[in-house]
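>>> sequence first, predicted coordinates after that:
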Amino acid sequence: RATARMTPSGRDLQQLARDHLWLHFTRMGGSGGRAEVPLIVRGDGCYLEDARGRRYLDALAGLFSVNIGYGFGEEIGEAAAAQMRELPFYTNWTYAHPRAVELAAEVAALAPGDLDRVFFVSGGSEAVESAWKLARQYYLVRGDRRLRRHVGGPPERDHDAVVQNLRTPPRRYKAITRQTAYHGTTLGALSLTGIAAIRVPFEPLLAEVRNVSNTNRYRRPAGETEEQLTAFLLDELERTIEAMGPETVCLVHMEPVQNAGGAFTPPVGYWRGVREICDRYDILLSADEVITAFGRLGAWFGSERYDIRPDLITCAKGLSSSYGAIGAVIASERVAEPFLDEGSMYTHGITFGGHPVQCAVALKNIEIMKRERIVEHVRDSEETFRAKLATLLDLPIVGDVRGAGFFWALELVKDSETRETFDDDECEALLRGYLSPALFEAGLICRADDRGDPVIQISPPLVAGEAEMDAIVGILGEVLGEASRRMLA
């Protein structure tokens, strides 16, 4: 006999959460496991509300991902429900369905250059994992294809082609990423990640990955020009390729603006140089746009803004504004071409990749972004946001404000003149002991992070206006002012 299901109260949910829910990247042992779990129950625009009725300005857009904000649930829910009624699930293994085809065409139309082949996955880590696997297999398939073009002629020609194939260099499987860069948590994506603290518990990881310097200008020598920084970074990248063995490297994987460490933007000429080096050594260039794609930097793709011209793009979060779990690898025609021969196959697949309901959600999300001119809003508002955040440089604890679009970071320092940073114990006291709880109590959700030097990351929904910018800066000013008095007294 059916029984009515009772909705747990807020108190009941707290107990259930403590008893059963395993939170991600969260210290769950506070107060002997009795710490209250923040229960977010609803959202609208740039604001969230918890089970106690308190409102919070979400200056992190969930996890750099709720690009359209929280106010379109009904419209997107209708699109999801319609797809549920029509076709709740089917796979993209051999078969296709209309929403996956339509979304692939839409993404290809928005992506820069000839990046027009789309492989769907469930999220960002899967996208990165899939891109590395694709790069590794690309060289094998391309080599086999070149061999097949020669075999079938005169015997002496077949012999020469086979011998040449046997003399080919070792398999390409290695990758290069940047220091402090985060690329995901699945084993392959974690192997690409340049943050020791989250790698060490799972070592040994996968095949050789080396991390080159990131583009953090704030920590470079005084007086160094952008051009000099670019020359240093490109020289290091080339020396690293040579040291690894160019014939074994398949992938250079980097974000247009690096998130971990705090919104590191590229110096002048950097991406042009990276592209040239990858071309010279015949290495695929992959742009990790899990965060930056779909408007975060004031363009549909960061690769467009910085003229990166990658062979691959990984994306996820903004593809659906996190209203659905979907990501993608977008490949150029050059990368896709060897896999289009008869008998060739990218030997990879994911059950939920291109799920019809998630595709319907993503299509509606893109429709809303176009209709509301959200990308244009970010581009038009960037300098206003930058100027407001720059007022925080008047606080002695704020050493740098950097970023682009709606993707910013404040670097926190002990001395803004010398740029002296905080040690590990001081970071613990500053970030987790004071800033994170104080900002939350003040009604602001952002990230206090020390995967590199300590920063506060600010990345609100792309619908944020001047009122939200002013509120963000106002709360940060009050809380960081108190942090200055506590830490710098």
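Here it is on my side, so go on.

>>> look up how far G262 lies from H24.
Per C-beta to C-beta, to the nearest Å, H24 is found 21 Å from G262. The way it works is simple: take the backbone N, C-alpha and C, and place the C-beta from them, glycine included.

>>> between these two, point out the one with more neighbours.
Per other C-beta atoms under 10 Å, whichever of H24 and G262 has more neighbours is G262, with 29 against 6.

>>> secondary structure element holding L480?
helix 466-487 (DSSP states H and E).

>>> would you mark the buried spots in that helix?
E468, M469, A471, I472, V473, I475, L476, V479, L480, G481, A483, M487 (16 or more other C-beta atoms under 10 Å).

>>> need the contact list for the third one.
With contacts taken as C-beta atoms under 8 Å, 6 or more residues apart in numbering, A471 has the following neighbours: L57, L444.

>>> if we use 6 Å, what do you get?
A471 makes contact with L57, according to C-beta atoms under 6 Å, 6 or more residues apart in numbering.

>>> returning to what we had before: include pLDDT when you put the buried residues of helix 466-487 into JSON lines, please.
Conversion of the buried residues of helix 466-487 to JSON lines gives the following (pLDDT from 0 to 100):
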{"residue": "E468", "pLDDT": "98"}
{"residue": "M469", "pLDDT": "98"}
{"residue": "A471", "pLDDT": "98"}
{"residue": "I472", "pLDDT": "98"}
{"residue": "V473", "pLDDT": "98"}
{"residue": "I475", "pLDDT": "98"}
{"residue": "L476", "pLDDT": "98"}
{"residue": "V479", "pLDDT": "97"}
{"residue": "L480", "pLDDT": "97"}
{"residue": "G481", "pLDDT": "96"}
{"residue": "A483", "pLDDT": "95"}
{"residue": "M487", "pLDDT": "90"}
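
>>> can you count the residues close to the nearest residue to N259 once chain neighbours are set aside?
Spatial nearest neighbour of N259, chain neighbours left out: I291 (5.5 Å); criterion: C-beta to C-beta, 6 or more residues apart in numbering. The number of residues packed near I291 is 26, by other C-beta under 10 Å.

>>> low-confidence ranges in this protein?
Scanning the chain for pLDDT under 70 picks out 1-7, 10, 30-34, 144-169.

>>> helices or strands up against the longest helix seen in it?
Longest helix of the chain, by residue count under DSSP state H: helix 124-150. Judged by 3 or more C-beta pairs under 6 Å, 6 or more residues apart in numbering; DSSP states H and E, helix 124-150 is in contact with helix 155-166, helix 187-192, strand 249-254, strand 312-315, strand 327-332.

>>> and stretch 371-385, what's buried?
I374, V375, H377, V378, R379, S381, E382, F385.

>>> I meant stretch 438-457, not that one.
For stretch 438-457, by 16+ other C-beta under 10 Å, it's 438-440, 444-457.

>>> give me the subset of those lying in strands.
Counting by DSSP state E, the part of the buried residues of stretch 438-457 found in strands is L444, I445, R447, A448, D449, V455, I456, Q457.

>>> surely the last one and L410 touch.
No. Using C-beta atoms under 6 Å, Q457 makes no contact with L410, being 8.3 Å away.

>>> and the helices in the stretch 301-450 of the chain?
Taking DSSP state H, counting those that start in this stretch as the criterion, the stretch 301-450 of the chain carries its helices at 302-305, 317-320, 333-336, 356-371, 374-390, 424-427, 436-441.

>>> quick one, which of the ones you listed is nearest to Y281?
Smallest distance to Y281 across those (C-beta to C-beta): 15.2 Å, for helix 333-336.

>>> against which helices or strands is the closest one packed?
Secondary elements touching helix 333-336 (3+ C-beta pairs under 6 Å, 6+ apart): none.

>>> buried residues in that helix?
Buried-residue list, helix 333-336, by 16+ other C-beta under 10 Å: V335, A336.

>>> what does it rub up against?
D114, R117, Y138, D311.

>>> identify the residues contacting stretch 99-111?
Against stretch 99-111 from outside (C-beta under 6 Å, 6+ apart): N92, D116, V118, W300, I330, G354, P356, C359, A360, A362, L363, I366.

>>> again, 8 Å this time
83, 92, 115-118, 120, 300-301, 303, 313, 315, 319, 328, 330, 354, 356, 359-360, 362-363, 366.

>>> give the buried subset of these as a PyMOL selection command.
Remark: buried members of those, expressed as a PyMOL selection using 16+ other C-beta under 10 Å:
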select buried, resi 83+92+115+116+117+118+120+300+301+303+313+315+319+328+330+354+356+359+360+362+363+366
